[in-house]
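J.: Got a predicted model here, sequence first, then my questions.
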Amino acid sequence: MLHQHILLVLSKMIKGFFRNGCPFIKILVEGVNIEAMIDTGFNGYLMLSQRLIDELDLEQIGFSDYTTASGERKQTKIYKAIVELLNRKIEVSVISTDIDISLAGMDLFDKFRIVVEKGKNNVEIGLIK
């Protein structure tokens with residue numbers, strides 16, 4: 001009975017990892033496994049490199065202005081994609097960038113709980129109860 005409970009809990013949670021001191025998770029974007037850094041300062045859904053966006057063949061839906069962490073204003077293309085988290089499919093907007101990094105922003109986790117414990121090397125995403 002205890003083993004069944006543990007399996008149930010694990011199936012309702014995504015375990016992440018740290019890379020260079022930053023929290024990352026693996027998510028499915030259009031059916032492709034992507035490693036994305038959790039960025040609590042990014043209030044969008046996803047930011048992906050233009051190279052990855054081209055590989056995924058995402059549909060462009062517009063343009064947007066945004067401010068980088070350093071305060072620089074930029075204009076970029078906006079795309080749409082289907083993301084799967086814990087067996088939930090979510091249509092999200094994707095901001096393109098020239099840098100080769102994927103960022104998962106706070107809008108993506110609107111219905112999820114995030115636990116980041118750097119000292120314990122623990123990153124978890126779970127459903128809000």
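T.: In hand now; what should we look at? Residues are numbered from 1 along each chain as shown.
J.: Geometric centre of the protein: which residue is closest?
T.: residue 104 (2.8 Å; CA atoms, centre = their mean).
J.: wait, what's in contact with that residue?
T.: Counting by CB atoms under 8 Å, 6 or more residues apart in numbering, residue 104 touches 25, 27, 36, 37, 38, 39, 42, 45, 46. C-beta: built from backbone N, CA, C; applies to glycine.
J.: Tell me which of these has the lowest pLDDT.
T.: Note: of the contacts of residue 104, the lowest pLDDT belongs to residue 42, at 90.
J.: number of nearby residues for the closest residue to it other than its chain neighbours?
T.: Distances taken as CB to CB, 6 or more residues apart in numbering place residue 105 nearest to residue 42, at 3.6 Å, with adjacent residues excluded. Number of residues near residue 105 (other CB atoms under 10 Å) recorded here: 20.
J.: can I assume residue 105 is in contact with residue 46?
T.: Yes. Assessed by CB atoms under 8 Å, residue 105 is found in contact with residue 46 at 6.8 Å.
J.: need the strands for this protein, in chain order.
T.: Listed in chain order, the strands of the chain (DSSP state E) span residues 13-15, 17-19, 22-29, 32-38, 46-49, 59-67, 73-85, 88-97, 103-104, 112-117, 122-127.
J.: Just the buried residues of stretch 89-102, please?
T.: Residues of stretch 89-102 classed as buried by neighbour count (16 or more other CB atoms under 10 Å): 92, 93, 94, 95, 96, 97, 102.
J.: Tell me which two of those sit farthest apart.
T.: Greatest spacing in those, by CB to CB: 92 and 97 (15.2 Å).
J.: Distance from stretch 112-121 to the middle of the chain?
T.: Centroid displacement of stretch 112-121 relative to its chain, using CA atoms, centre = their mean, to the nearest Å, is 15 Å.
J.: That one: end-to-end distance?
T.: 20 Å (CA to CA, to the nearest Å).
J.: gap between the residue nearest to the centre of the chain and residue 19?
T.: Residue 104 sits 13 Å away from residue 19, going by CB to CB, to the nearest Å.
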